[in-house]
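# Just the structure for this:
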Amino acid sequence: MSNELFDRVKGPNLRAVVAFGENAQVAVSLCDGKGDLSVFDVPHPSSHDRWRLADSWREAVEELRRIVPPDADGDPSVPNYGDEHREEDYARVPYRDLPFGVPAWLGDDSWRHRMNPPRWSSLVRPDEDDRHTLIWYAPWS
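I've put the predicted structure just below:
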């Protein structure tokens, strides 16, 4: 299967693909031409299995640090994830990694973590989970 997005990004600078969640993993598995490109299947950040989430991400980060050079302003020596995600593990997504024109608050859901009780994701599924619907909260909601 040909994948136009994958075809546009693959090249000598692409070192790895991280597929967050089942849908991304299926999509990546259908892409032709991956060759020996490293693909990491990790749970989506909204996963309710916090231990599997931390374990999978910790293993992926260890391997990614071996194969992907850090950004010029990156620090690959910061600690990796522990047994579970803690507040200090949630870093703002660098603005340069987000699509052009998004609001300044996108990529930082620390405001949800400071709620009482804390909410660990800006995305939730409805009580009657239809496995198709996600509810996304913005800072003013």
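# where exactly do the helices run in this protein?
For the chain, applying DSSP state H gives helices covering 4-9, 22-29, 50-67, 110-113.
# Just grab the bridge partners of the residue nearest to the spatial centre of the chain for me.
The residue lying closest to the centre of the chain (C-alpha atoms, centre = their mean) is residue 20, at 5.4 Å. Per DSSP bridges, the residues bridged to residue 20 are residue 42.
# From residue 45, how far out is it?
Counting by C-beta to C-beta, to the nearest Å, the gap from residue 20 to residue 45 is 7 Å. Where you see a C-beta, it was placed from the backbone N, CA and C, and this is true even at glycine.
# Note down every partner strand of the helix or strand of the chain with the lowest mean pLDDT and its orientation.
Ranked by mean pLDDT, DSSP states H and E, the weakest helix or strand in the chain is strand 123-124, scoring a mean of 78. With DSSP bridges as the test, strand 123-124 is paired with strand 135-136 (antiparallel).
# circling back to that earlier point, now the helices of the chain as a markdown table including mean neighbour count, mean pLDDT and distance to residue 39?
Converted to a markdown table, these look like this (neighbours: other C-beta atoms under 10 Å; pLDDT from 0 to 100; distance: least, C-beta to C-beta, whole Å):
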| stretch | mean neighbour count | mean pLDDT | distance to residue 39 |
| --- | --- | --- | --- |
| helix 4-9 | 11 | 82 | 11 |
| helix 22-29 | 14 | 89 | 6 |
| helix 50-67 | 15 | 90 | 10 |
| helix 110-113 | 14 | 80 | 30 |
